[in-house]
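Q: Have a look; sequence and predicted model below, questions after that.
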Amino acid sequence: MQSKSANQRLGIGAIGLRYQGSVIAQKAQLYGDIVAVCDVDRNVKDQAKAAFGSTAHSCEDYRELLARKDVDVVTIGTPDHWHTKMVIDACRAGKDVYCEKPLTLTIEEGQQLVKVVKETGRVVQVGSWQRSDDRFRLAVEMVRSGRIGKLKTVDVVLGKNVTSQSFTPSKPPKNLNWELWQGQTPDVSYIEERSHYTFRWWYEYSGGQMTDWGAHHIDIAQWAINDIPISIDGKAQFPTVDNGFNVANDYEVIYEYSNGVKLTVKDHGENGILFTGDSGRIFVNRGKITGAPVEELSKHPLPREMWTVYDFDNLQRPARAGKIDAIINHMGNFFDCIQSRRLPISDIENQHRTVSTCHLGNISMRLGRALQWNPKLEQFVNDAEANRWLRREQRKGYETSA
């Protein structure tokens, strides 16, 4: 599809334009032209059309946008339950894609995505932008370079899920296509708090903080660990109200990795990531990076050496040599990779593995017991009940398929 030269502006189609969807479209506009906007909320769609230029085509159904020949690149800022189908359809339509995190609603969806992206050769960047942030990248480089000795534990704090009382169903507003908004999820009565920002506190559409913040912090933790969990032990309390937010009230998940590292994810404490090795500690969040090894960098800077990078096809370590390239910004990296056809910093395979770890935690919490995971087969070990949670039933007409 990419026949345009590096000097030609790419045509961008933006799908889902409320909150973060609008933010990523604005960032993409630095590298191309918004030629089409799409949202199932007419008010949001009309505001986006006014913001990005009256010449931009506007539509309610994303398939109309994907059919346009002037759209080279797609940004997706919809609720989580739409991500997988839209990315698959965009790739098959010959578009490169920037998709907001979390990448998927289920582990099976991630498997489908990896297959389609490989088959189509499209460039897909996931919006786990902390990989492009200096603080988080430095923390990962220091851990991987042995600056805290052998990594032993990682502690991640995501924050509390939002709780609620029961909400009252009502008639959908005329500006919102509630049928299309629901997509693959069960057809239920409209509740205002199900849509827009608060969708993330409903299990039907998301996974609470485990997938919302987890797609950021667990991603960084696992990038440093350089492995995939083999056991998961989640504990949680769940709401009992009807027609209210239904993700966990209180939660904690302990993951164990084949390389011996233990990752603990919890909802209380200072938001961020604490790496502990046998000779030091590093704490990092969006405001700071601290620890004695950080203070020593002025005297002992990090060498720019090659890393060992996890091989997801063979699941063997060490797999191959690699390094973190210099990144100006997350969206800039995506557009650089569109031209070079290289893997972006938050590529589809790594982000599938990250959000799978988030899903594994949610599954363990919901079943209320520890689980064993086979990362090569991407199945629970001798556990038919748990394996049924790898997918969800999808409404007819909205199914995803590899």
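A: Thanks, I have it. Everything quoted here is computed from the prediction, not taken from an experiment. Numbers count the residues shown, from 1 in each chain.
Q: Residue 68 - how many residues pack around it?
A: When neighbours are counted by other C-beta atoms under 10 Å, residue 68 registers 16. (C-beta placed from N, C-alpha, C; glycine too.)
Q: Can you tell me, leaving aside adjacent residues, what's nearest to it?
A: residue 36 (5.7 Å; C-beta to C-beta, 6 or more residues apart in numbering).
Q: Please name the strands paired to the strand or helix carrying the one you found in the sheet, noting orientation.
A: For residue 36, the host element (DSSP states H and E) is strand 32-38. Sheet pairing for strand 32-38, assigned by DSSP bridges, gives strand 10-15 (parallel), strand 57-59 (parallel).
Q: and those strands as a markdown table, adding mean pLDDT, distance to residue 87 and mean neighbour count?
A: Converted to a markdown table, these look like this (pLDDT from 0 to 100; distance: least, C-beta to C-beta, whole Å; neighbours: other C-beta atoms under 10 Å):
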| stretch | mean pLDDT | distance to residue 87 | mean neighbour count |
| --- | --- | --- | --- |
| strand 10-15 | 98 | 10 | 25 |
| strand 57-59 | 96 | 18 | 18 |
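Q: among the ones you listed, which is nearest residue 250?
A: strand 10-15 (34.8 Å; C-beta to C-beta).
Q: Run the chain-centre distance for that closest one.
A: 20 Å (C-alpha atoms, centre = their mean, to the nearest Å).
Q: Run through the neighbouring helices and strands of the very next helix or strand once past that strand.
A: Remark: after strand 10-15, the chain's next helix or strand is helix 20-28, criterion DSSP H and E. Applying 3 or more C-beta pairs under 8 Å, 6 or more residues apart in numbering; DSSP states H and E, we find helix 20-28 packed against strand 10-15, strand 32-38, helix 42-52, strand 73-76, helix 330-340.
Q: hmm, back to that, how about the strands paired with strand 32-38, which one is nearest residue 213?
A: Judged by C-beta to C-beta, the one of these that comes nearest to residue 213 is strand 10-15, at 23.3 Å.
Q: residues in contact with the closest one?
A: 4, 21, 24-25, 28-29, 31-39, 48, 52, 62, 65-66, 68, 70-78, 86, 95, 335, 338 (C-beta atoms under 8 Å, 6 or more residues apart in numbering).
Q: tell me the contacts of the nearest residue to residue 241 once chain neighbours are set aside?
A: Of all residues not flanking residue 241 in the chain, residue 166 sits nearest, at 4.9 Å (C-beta to C-beta, 6+ apart). Listed by C-beta under 8 Å, 6+ apart, the contact set of residue 166 reads 241, 242, 243, 244.
Q: picking that back up, contact partners of the strand holding residue 36?
A: For strand 32-38, with C-beta under 8 Å, 6+ apart as the criterion, the contacting residues are 9-17, 25, 28, 45, 48-49, 52-53, 55-62, 64-65, 68, 70-73, 335.
Q: so what's residue 263 bridging to?
A: residue 154, residue 255.
Q: Does it touch residue 153 like I think?
A: Yes. If you go by C-beta atoms under 8 Å, residue 263 and residue 153 touch, sitting 7.5 Å apart.
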